[in-house]
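[1] Any chance you could fold what I've pasted below:
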Amino acid sequence: MADNNFRALQSANKGKTYFLLASMGVLTWLVAYAAMTYFGVGTASTMVPMAVGFALIGVWGSYYGSDKLVLTMTGAKLITREDAPELFNVIEEVVIASGLPMPKVAIVEDSAPNAFATGRNPEHALIAFTTRILEVMDRDELQGVIAHEMSHVANRDTLVSAVAATTAGAIAILSDFLTRMMWFGGGRDRDRGGNSNPLALVFSLVILILAPLAAMLLKSAISRKREALADATAVSFTRNPAGLRKALEVLAADSTVVRQKSNAVAHIWIESPLDGQTVSKLFSTHPPIQERIATLKAMESLGPAGE
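    Here you go, the predicted structure:
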């Protein structure tokens, strides 16, 4: 029964991710339509590819070098089995259960318990742990954390994040440029087939102004669904929801925050270093940790997988 439960959670979160990604596509189409309505087909047909191109160059460049980039930003140092044989033993258990290749392993010198995974695919994956998380967690808890991070690798969450970031970036670039054109560059070129309906023009203006905010909300929602999916996938690897649940309780009870807490890498940590600092939960990259704990408790109550 528990097996069916976490598989249902996996399926639900995957479905919600696909819906949110499709919503990003619809939003992109709306921005392009608004641009064509306000400025005419000529301007929009030039600006849309340019915006997409700029976003692709920035985000996909980061995607392909994600492991090296994140190592630099977080100060993580690669280690070998000789440096931490017990840690490698637990990682190898999860690797066997998941069927994934062995990732690179790194340590971040930090007084806050946390961990993250990165890498463009399973063959280039890296998982990292702060020194503090290795001090405060027992073997079961650490196994739950490792399974969560390996789940991000298995679910190709770096790829999903790159797609979401590319789309959101293109929307932001296009909307910003076209809005500036509205205020400073003069009106539409009516000779290019633009719509002269005042209501349509106002509607287009509203879309171009609000689209970047909507894209940011969708990107955050996608990140939250991938975190929930990673929790469910981790249980499918370990068959032990209590391990990850206890690990999250340890994280919830500790108020210290990793030193590297910028928006650029906040989404990769198992517990967001920005929790409690965001203006709204709508912009959070992670579900509330107490909700994650409650979900895992509910899975525990169903008993071992297969019962």
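
[2] Buried residues, stretch 15-24. List them.
    16-17, 20-21, 23-24 (16 or more other Cβ atoms under 10 Å). The way it works is simple: take the backbone N, C-alpha and C, and place the C-beta from them, glycine included.

[3] Where helices are concerned, which of these count?
    16-17, 20-21, 23-24 (DSSP state H).

[4] now the residues you listed as CSV including distance to residue 67?
    Formatted as CSV, these follow (distance: Cβ to Cβ, whole Å):
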residue, distance to residue 67
16, 27
17, 23
20, 26
21, 24
23, 29
24, 25
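
[5] Which member of the buried residues of stretch 15-24 is positioned nearest residue 122?
    Residue 122 has its nearest neighbour among the buried residues of stretch 15-24 in residue 17, at 18.5 Å by Cβ to Cβ.

[6] residue contacts, that closest one?
    Residues in contact with residue 17 (Cβ atoms under 8 Å, 6 or more residues apart in numbering) are 160, 222, 225-226, 229.

[7] Closest to residue 8 out of those residues?
    Nearest to residue 8 out of those is residue 229 (Cβ to Cβ; 11.9 Å).

[8] Please identify the helix or strand for the closest one.
    Per DSSP states H and E, residue 229 falls inside helix 198-238.

[9] what's whatever helix or strand comes next after that helix in contact with?
    Toward the C-terminus, helix 198-238 is succeeded by helix 241-253 as the next helix or strand (DSSP H and E). The contact list for helix 241-253 (Cβ under 8 Å, 6+ apart) reads 2, 6, 113-114, 136-137, 140-145, 147-148, 231, 234-235, 238, 270-271, 289-290, 292-293, 296-297, 299-300.

[10] Now, of the residues you listed, which are buried?
    Neighbour counting with 16+ other Cβ under 10 Å marks 2, 6, 113-114, 137, 140-145, 147-148, 231, 234-235, 238, 270-271, 289, 292-293, 296, 299 as buried within the contacts of helix 241-253.

[11] ok, back up a step: need the ones in helices among the buried residues of stretch 15-24 in JSON lines with pLDDT and distance to residue 175, can you?
    Putting those into JSON lines (pLDDT from 0 to 100; distance: Cβ to Cβ, whole Å) gives the following:
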{"residue": "16", "pLDDT": "81", "distance to residue 175": "25"}
{"residue": "17", "pLDDT": "82", "distance to residue 175": "24"}
{"residue": "20", "pLDDT": "85", "distance to residue 175": "19"}
{"residue": "21", "pLDDT": "82", "distance to residue 175": "19"}
{"residue": "23", "pLDDT": "88", "distance to residue 175": "16"}
{"residue": "24", "pLDDT": "82", "distance to residue 175": "13"}
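
[12] Most widely separated two among those?
    That would be 16 and 24, which, of these, are the farthest apart (Cβ to Cβ) at 12.9 Å.

[13] for the contacts of residue 17, which one is nearest residue 93?
    residue 229 (21.3 Å).

[14] my read: the closest one touches residue 13, true?
    Yes. With contact defined as Cβ atoms under 8 Å, residue 229 counts as touching residue 13 (3.8 Å).

[15] neighbour count winner among the two?
    residue 229 (24 against 21; other Cβ atoms under 10 Å).

[16] Mind exporting the C-alpha coordinates of stretch 231-239 to PDB?
    Extracted in PDB, the C-alpha atoms of stretch 231-239 (Å, rounded to 0.1, in the frame of the first residue of the first chain):
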ATOM      1  CA  ASP A 231      10.800  13.300  -1.600                       C
ATOM      2  CA  ALA A 232       8.500  10.700  -3.000                       C
ATOM      3  CA  THR A 233      11.200   9.300  -5.300                       C
ATOM      4  CA  ALA A 234      13.600   9.100  -2.300                       C
ATOM      5  CA  VAL A 235      11.100   6.800  -0.500                       C
ATOM      6  CA  SER A 236      10.900   4.600  -3.600                       C
ATOM      7  CA  PHE A 237      14.700   4.100  -3.400                       C
ATOM      8  CA  THR A 238      15.000   3.500   0.400                       C
ATOM      9  CA  ARG A 239      11.500   2.100   1.300                       C
END
